[in-house]
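# sharing a model prediction with you, sequence too.
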Amino acid sequence: MALPSFVRVVDGVPTINIGQMRHQLTLYAQAPASPPTYDAAGVQMNWTSIQSGIYAAIGGQAAGSSRQGMDRPEGDQLTSQQFVTIAVWYQAIFAPNQRVVNENGTTFIIQSIENVLEMNVVLVLTCLGVGAND
């Protein structure tokens, strides 16, 4: 996969353009409700904050690295999907299907994670933007 414009390899080490690291993210994962509640499907799951204050570069909003978007019909409505690329310093807490929320309240669902050059320095997250009121 091609790297976004704000991620480069310098002297064999991945790096992020620091000037683009101007977004603060909060990472959310699903966890059982506390205290546990049950419905017909079993234990109800809630979105729980794992870590906040993660600085990131977000393509499509800040760095101009927007990925493809598309409109698709759902019922009687036409909905838009926008894929964005997010670069963060390596942390082993990210996983697909988790959510990141930026400082404006926009929610992104992590679709895939690339550990650039497998060096545990930079992660590139490909996310689906789902808006502020998911």
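Nice, thanks for sending it over. Numbers count the residues shown, from 1 in each chain.
# give the contact list for Val122.
Contacts for Val122 (Cβ atoms under 8 Å, 6 or more residues apart in numbering) come out as 7, 14-16, 87-90, 115-116. Yep, even glycine has a C-beta here, placed from its N, CA and C like the rest.
# what's whichever strand or helix holds Thr26 in contact with?
Taking DSSP states H and E as the definition, one finds Thr26 inside strand 23-32. Residues outside strand 23-32 that contact it (Cβ under 8 Å, 6+ apart) are 43-58, 61-62, 86, 88, 93-95, 98-103.
# and the helices in the chain?
Assigned helices in the chain: none (criterion: DSSP state H).
# hmm, which helix or strand of it has the shakiest average pLDDT?
Ranked by mean pLDDT, DSSP states H and E, the helix or strand of the chain with the weakest confidence is strand 69-74, at a mean of 64.
# tell me the pLDDT of the most far-flung residue of the chain relative to its centre.
The outermost residue of the chain relative to its centre, with distances by Cα atoms, centre = their mean, is Ala40 at 30.6 Å. On the pLDDT scale, Ala40 is placed at 85.
# for it, what are phi and psi?
In terms of degrees, to the nearest 10, the main-chain angles of Ala40 are phi -60, psi -30.
# mind listing what it touches?
Contacts of Ala40 by Cβ under 8 Å, 6+ apart: none found.
# likewise for Ala56?
Taking Cβ under 8 Å, 6+ apart as the test, what Ala56 contacts is 21, 23-25, 86-88, 100.
# list the buried residues of stretch 26-45.
Residues 26-29 are the ones in stretch 26-45 that count as buried (16 or more other Cβ atoms under 10 Å).
# okay, that stretch in PDB with CA atoms only?
Below are the C-alpha coordinates for stretch 26-45, written out as PDB (Å, rounded to 0.1, in the frame of the first residue of the first chain):
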ATOM      1  CA  THR A  26      -9.900   9.300  21.600                       C
ATOM      2  CA  LEU A  27      -9.900   5.500  21.000                       C
ATOM      3  CA  TYR A  28     -13.000   3.500  21.800                       C
ATOM      4  CA  ALA A  29     -13.500  -0.300  22.000                       C
ATOM      5  CA  GLN A  30     -16.600  -2.400  22.800                       C
ATOM      6  CA  ALA A  31     -16.800  -3.800  26.300                       C
ATOM      7  CA  PRO A  32     -19.600  -5.300  28.400                       C
ATOM      8  CA  ALA A  33     -21.800  -2.700  30.200                       C
ATOM      9  CA  SER A  34     -21.000  -2.100  33.800                       C
ATOM     10  CA  PRO A  35     -22.900  -3.400  35.700                       C
ATOM     11  CA  PRO A  36     -23.700  -6.100  33.100                       C
ATOM     12  CA  THR A  37     -27.100  -5.900  31.400                       C
ATOM     13  CA  TYR A  38     -28.600  -8.500  29.300                       C
ATOM     14  CA  ASP A  39     -31.100  -8.600  26.400                       C
ATOM     15  CA  ALA A  40     -32.300 -11.300  24.000                       C
ATOM     16  CA  ALA A  41     -28.900 -11.300  22.300                       C
ATOM     17  CA  GLY A  42     -26.900 -11.700  25.500                       C
ATOM     18  CA  VAL A  43     -24.700  -9.200  27.300                       C
ATOM     19  CA  GLN A  44     -25.100  -5.700  26.000                       C
ATOM     20  CA  MET A  45     -21.900  -4.000  24.800                       C
END
